[in-house]
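Enquirer: Build me a model from this:
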Amino acid sequence: MAKRFFRIWCALIFVGIFVSIFVLGCRRPAENSGLTKIVFQADWYPQPEHGGFYTALAKGFYKDEGLDVTILPGGPYITVEKQVSSGSAQFGMGSSDKVLESNAEGQSLVAVAATMQHDPQGIMVRKDSPIHTFSDLNGHSVAIKVGESTWFEFIAKRFQLNNIKVVPAMMNVANFVADPQYIQQAFATSEPFFAHQAGIETRVLLVSDAGYSPYRVMYTTRDFVQQHPDVVAKFVRASLKGWKDYLNEPGPAHAMIAKLNPALNPEWMQFSWQQLRDGHFITGDNASGAQIGQMDPKRWTTMYEQLVDLKVIEKPFDPAVAYTLQFLQTN
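Expert: Prediction:
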């Protein structure tokens, strides 16, 4: 069973490479289209966690705004922040802590809207595991993406995890399935599905419940905001419309995602979509949808202060340079 899931994740890597080539090869020519060409760099291969953007693409919301949007798939070897900073893409998706870290490193990135109010990142354990809080992780090994997990640095410091062994995460659930004691990082919207398929029920300790709560955001560069505010406004408006529609009607996005990423199956996509809804990751605590896209300056300041405390950010700057609220409509 473990080998089966390893093969699935290998297939995802292969599909991601294929999708990149396919998308780049099938982009429509710019001439005579009358539309503004936009490249949007995703943070992973096409998946339901990108559903709002694919809804906007499938339903023509971007085209209605005069935009010709190409969504480039991400993957383990793609750094979205660098793609956007270099101008290879006009927009990217990621987390608000990474946007702040990028600004600290001299990259002038600006978040223009939130795609998720809460991050589905967490620690996955078996349902019958004795681990119920982050403090319980002491004395155990945890599989983490080394060098890319600022959130785990926060967890380790806050809960004084002085007796813990960190091992490299393998980007699949093979070890989790094979070893009842195995603990790993996971997205609540994804990895639990594979464990369930293997007959293993899980729990996910969400990092946001521990006080480290980045937004998932769409962002661009400060120069692009200043030079093309109309384009940014159109992109944000169409994207948020897509997210609102996706929560009620995932079919068009899932059909497009399935073609782009054949490694996905309908059951996996349905699971992820349901988790996004049930976990209120996109809407936040307000089920009416009024919070979709919104960002709170206080949360940005709190995140900045946490990164400073962790010494991830060493040179102080105004966190307000890393985001703007000018393209968000108040409800």
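Enquirer: domain parsing for the protein?
Expert: Per automatic domain parsing, the domain ranges recorded for the chain read 2-118+214-322, 121-210.
Enquirer: and V312, what does it touch?
Expert: V312 sits next to E101, A104, T150, E153 when contact means CB atoms under 8 Å, 6 or more residues apart in numbering. Any C-beta I mention is one placed from the backbone N, CA and C, and that applies to glycine too.
Enquirer: tally of neighbours for L328?
Expert: Look at L328: counted by other CB atoms under 10 Å, it has 18 neighbours.
Enquirer: One more: Q326?
Expert: Residues lying near Q326 (other CB under 10 Å) number 10.
Enquirer: could you pull out the helices for the stretch 101-250 of the chain?
Expert: In chain order, the stretch 101-250 of the chain shows helices spanning 150-158, 174-178, 191-197, 222-227, 229-248, with DSSP state H, counting those that start in this stretch as the criterion.
Enquirer: Take those and lay them out in CSV including mean neighbour count.
Expert: As requested, these are arranged in CSV below (neighbours: other CB atoms under 10 Å):
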stretch, mean neighbour count
helix 150-158, 20
helix 174-178, 20
helix 191-197, 20
helix 222-227, 14
helix 229-248, 20
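Enquirer: picking that back up, quickly, which of the domains of the chain bottoms out on average pLDDT?
Expert: Among those, domain 2-118+214-322 carries the lowest mean pLDDT, at a mean of 89.
Enquirer: returning to what we had before: format the helices of the stretch 101-250 of the chain as TSV; extra columns: distance to R277.
Expert: TSV is the format used below for those (distance: least, CB to CB, whole Å):
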stretch	distance to R277
helix 150-158	23
helix 174-178	25
helix 191-197	15
helix 222-227	31
helix 229-248	6
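Enquirer: follow-up on the earlier one: which among the contacts of V312 gets closest to Q181?
Expert: For the contacts of V312, the closest approach to Q181 (CB to CB) belongs to E153, at 23.4 Å.
Enquirer: How about that closest one: what's its closest non-neighbour residue?
Expert: Leaving aside its chain neighbours, E153 sits nearest to L310 (5.3 Å; criterion: CB to CB, 6 or more residues apart in numbering).
Enquirer: What is the burial count for that neighbour?
Expert: L310: 17 neighbours (other CB under 10 Å).
Enquirer: now the one 10 residues further on
Expert: If you count neighbours by other CB under 10 Å, A320 ends up with 12.
Enquirer: these two touch, right, it and P297?
Expert: Yes. At 6.9 Å, A320 and P297 qualify as touching, with contact defined as CB atoms under 8 Å.
Enquirer: Quick check: the gap between the residue nearest to E153 and R158.
Expert: From L310 over to R158 the distance is 10 Å, taken as CB to CB, to the nearest Å.
Enquirer: Can you give me the distance of V84 to A42?
Expert: Applying CB to CB, the value for V84 to A42 is 12 Å.
Enquirer: T36 is nearest to which of the helices of the stretch 101-250 of the chain?
Expert: Judged by CB to CB, the one of these that comes nearest to T36 is helix 229-248, at 5.9 Å.
Enquirer: And the closest one, what does it pack against?
Expert: strand 36-41, helix 51-58, helix 61-64, strand 67-72, strand 109-116, strand 216-221, helix 222-227, helix 266-278 (3 or more CB pairs under 8 Å, 6 or more residues apart in numbering; DSSP states H and E).
Enquirer: For L325, find the nearest of these.
Expert: Among the helices and strands packed on helix 229-248, the nearest to L325 by CB to CB is strand 109-116 (8.9 Å).
Enquirer: just checking, what packs against the closest one?
Expert: Counting contacts by 3+ CB pairs under 8 Å, 6+ apart, strand 109-116 is packed against helix 80-85, helix 96-104, strand 216-221, helix 222-227, helix 229-248.
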